[in-house]
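# Sharing a model prediction with you, sequence too.
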Amino acid sequence: MKIFVAGATGAIGRLLIAQLLAQGHNVVALTRSLEKAQTLAEQGVESAIADVFDADAVKAAINSVQPEVVIEQLTSLPKTYTGESMGAAAALNTRIRREGGANVLAAAQAAGVRRYLRQSIAFWAVPGTGLADEETPLAFDASPAVAGDILTVTEIERRLLENPNIEGIALRYGFFYGPGTWFAPDGDVAKQVRQQQFPIVGNGKGVWSWLHIEDAAIATVAAVERGNPGIYLITDDRIPSIIRGRQ
């Protein structure tokens with residue numbers, strides 16, 4: 001299939017493109033940088049250059065490609081995982097998901113795209129006994145930062161899944177770990193743990209939903225090829241060894 005990827009140069013984007021190419025798909029990646037377009041070309045990937053905040057440019061890019069599928073992996077997150085850095089990045093990250101994502105979705109619909117997948121979040125479910133599933137509600141009464149993120153997630157999921165003209169799939173990923181993420185041997189959180197700067201919340205018995213970045217890419221390709229419209233929780237079924245301190 002011809003597949004258009006927005007957010008192709010992030011941690012998941014690079015592995016996702018490799019997986020798509022390995023499966024024989026024709027991939028076109030959206031970027032606003034000539035430098036990144038050159039890097040993508042070295043991977044054998046055609047680029048479409050546009051700023052996601054420029055609705056007309058995004059529409060022209062997708063219309064020229066005429067893809068069957070669009071995958072949206074748009075985020076803008078800092079290299080460090082601290083309250084300060086996350087707070088500083090929050091406004092742009094929210095804008096790129098809401099406004100940038102809206103531009104990509106509108107352009108996809110105008111171009112007659114059949115299937116649209118977008119990145120979402122698995123780990124904001126309400127507390128409870130056992131593990132969450134796709135039917136578990138989100139924690140709208142959580143702390144202000146979390147509640148605000150949940151409102152964003154809910155809006156962008158609804159915008160996609162209630163669109164009658166596109167097969168919409170929301171991929172609720174767990175916390176990414178592995179190369180290029182905060183949770184890797186050379187990542188920011190690992191550095192904080194080694195320096196005894198990473199806090200343990202409460203009694204330390206909270207459950208985090210983990211997902212190796214390569215598994216995220218594999219699952220996304222599976223959803224492209226044979227997923228049904230709707231919401232999917234995509235997480236590991238065990239605690240990764242790197243989080244337990246072994247490599």
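Received the coordinates, thanks. Numbers count the residues shown, from 1 in each chain.
# Which strands and helices lie in contact with the top helix by length along the chain?
Ranked by residue count, the top helix of the chain under DSSP state H comes out as helix 144-161. Applying 3 or more C-beta pairs under 8 Å, 6 or more residues apart in numbering; DSSP states H and E, one finds that helix 144-161 contacts helix 83-95, helix 101-110, strand 115-121, strand 167-173, strand 230-234. All C-beta spots, glycine's among them, are computed from the backbone N, C-alpha and C.
# how far is it from where the chain is centred?
Centroid separation between helix 144-161 and its chain, computed with C-alpha atoms, centre = their mean, to the nearest Å, is 13 Å.
# In it, which residues are buried?
For helix 144-161, a neighbour-count test (16 or more other C-beta atoms under 10 Å) marks 149-150, 152-153, 156-157, 159-161 as buried.
# And the furthest pair within those residues?
Pairwise distances across the buried residues of helix 144-161 peak at 18.1 Å for 149 and 161 (criterion: C-beta to C-beta).
# Confirm residue 70 sits in a strand?
Yes: according to DSSP: H, G, I helix; E, B strand; the rest coil, residue 70 belongs to a strand.
# ok, it - contacts?
Counting by C-beta atoms under 8 Å, 6 or more residues apart in numbering, residue 70 touches 3-6, 62, 104-105, 108, 113, 115-117.
# pull the CA atoms of stretch 48-59 into CSV?
Output of stretch 48-59 as CSV, limited to C-alpha atoms (Å, rounded to 0.1, in the frame of the first residue of the first chain):
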residue,chain,number,x,y,z
ALA,A,48,6.8,15.6,1.4
ILE,A,49,7.9,18.9,2.9
ALA,A,50,5.3,20.9,4.7
ASP,A,51,4.7,22.5,8.2
VAL,A,52,1.8,20.7,9.9
PHE,A,53,0.5,24.1,11.0
ASP,A,54,0.1,25.1,7.4
ALA,A,55,-3.2,23.5,6.4
ASP,A,56,-3.0,24.3,2.7
ALA,A,57,0.6,22.9,2.5
VAL,A,58,-0.4,19.7,4.3
LYS,A,59,-3.5,19.4,2.0
